[in-house]
Structure formats: C-alpha cells, structure tokens
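*Asks:* Predicted model and sequence follow; I will ask about them next.
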Amino acid sequence: MYKYNILFTIVLLVHVVKSNPTDYRFFNGYLSGMHRWNDPKLNDCVHWCPVLMSLTPVCASDGKTYPNISYIKCLQKCVEPLGEELKFVSQGFCENDIIHSD
C-alpha cells in the first residue's frame, strides 16, 4: 500500500510539473517556485540535486511555494554563488499561492 502511495504522488507531481510549465496548480495552491527549475542560469546545478519526490508544500523566503524542503535546499546551493539567499519559511503554500474559493 505504501509503495502505491509513493508512486501515485510521484506520478501526480510529474504530471503537474510537465503539464503546463507556467501554471503549477495543485489542489488548493500553486507551486510557484517550480519555474526556477527551468531557469537557464540554474539548470546545470538543479539537474544534479537529489530531491524528494513527495508533495508537502513549503514556503520559501522568496515568497514562492516549492513541493518540499529538499527543493529549497537544492536551490539554496544553486543560487548562493549568484549572491542570492533562499531559506525555508513555513510549511504549506505561501500566502500569494493559496487559491481562495469564491
């Protein structure tokens, strides 16, 4: 059962990321930080990052939401040489990424 949950999460996350690279909508929020994975300045670095394939959204200091903490840790290593800092802020979607129902 556990294996199927992991597989489902991976397939769903890959689908979300690949479906529309500008709209990373997932249930009640957006994974707004995922556009950075396509940034040419960071592409070589993030390609080698070991990231978890789980969806536990986290908010970073750039105000963007990432799938989990491992994405923030990876990007921190990649943006540091560019003079940028990226840190974990909180669990869940960042405020600007929450989809509010009308």
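*Replies:* Noted; the coordinates are in hand.
*Asks:* ok, now which ones touch the residue nearest the centre of the chain?
*Replies:* The centroid of the chain falls nearest to residue 66 when counting by CA atoms, centre = their mean (2.6 Å). Residues near residue 66 by CB atoms under 8 Å, 6 or more residues apart in numbering: 31, 33-34, 57-58, 60, 72, 75. Every C-beta, even on glycine, is put in place using the N, C-alpha and C of the backbone.
*Asks:* Flag the shaky bits of this protein, pLDDT-wise.
*Replies:* 1-23, 25-26, 102 (pLDDT under 70).
*Asks:* try it again with 80
*Replies:* In the predicted model of the chain, residues 1-27, 100-102 satisfy pLDDT under 80.
*Asks:* returning to that earlier point: gap between the residue nearest to the centre of the chain and residue 101?
*Replies:* Computed as CB to CB, to the nearest Å, the residue 66 to residue 101 distance reads 23 Å.
*Asks:* Could you export whichever helix or strand residue 90 is part of as CSV, CA atoms only?
*Replies:* Here residue 90 sits within strand 88-91, counting by DSSP states H and E. Taking C-alpha atoms only, strand 88-91 is exported to CSV below (Å, rounded to 0.1, in the frame of the first residue of the first chain):
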residue,chain,number,x,y,z
PHE,A,88,12.6,27.8,4.4
VAL,A,89,9.9,30.0,5.9
SER,A,90,6.9,27.7,6.7
GLN,A,91,5.0,24.6,6.0
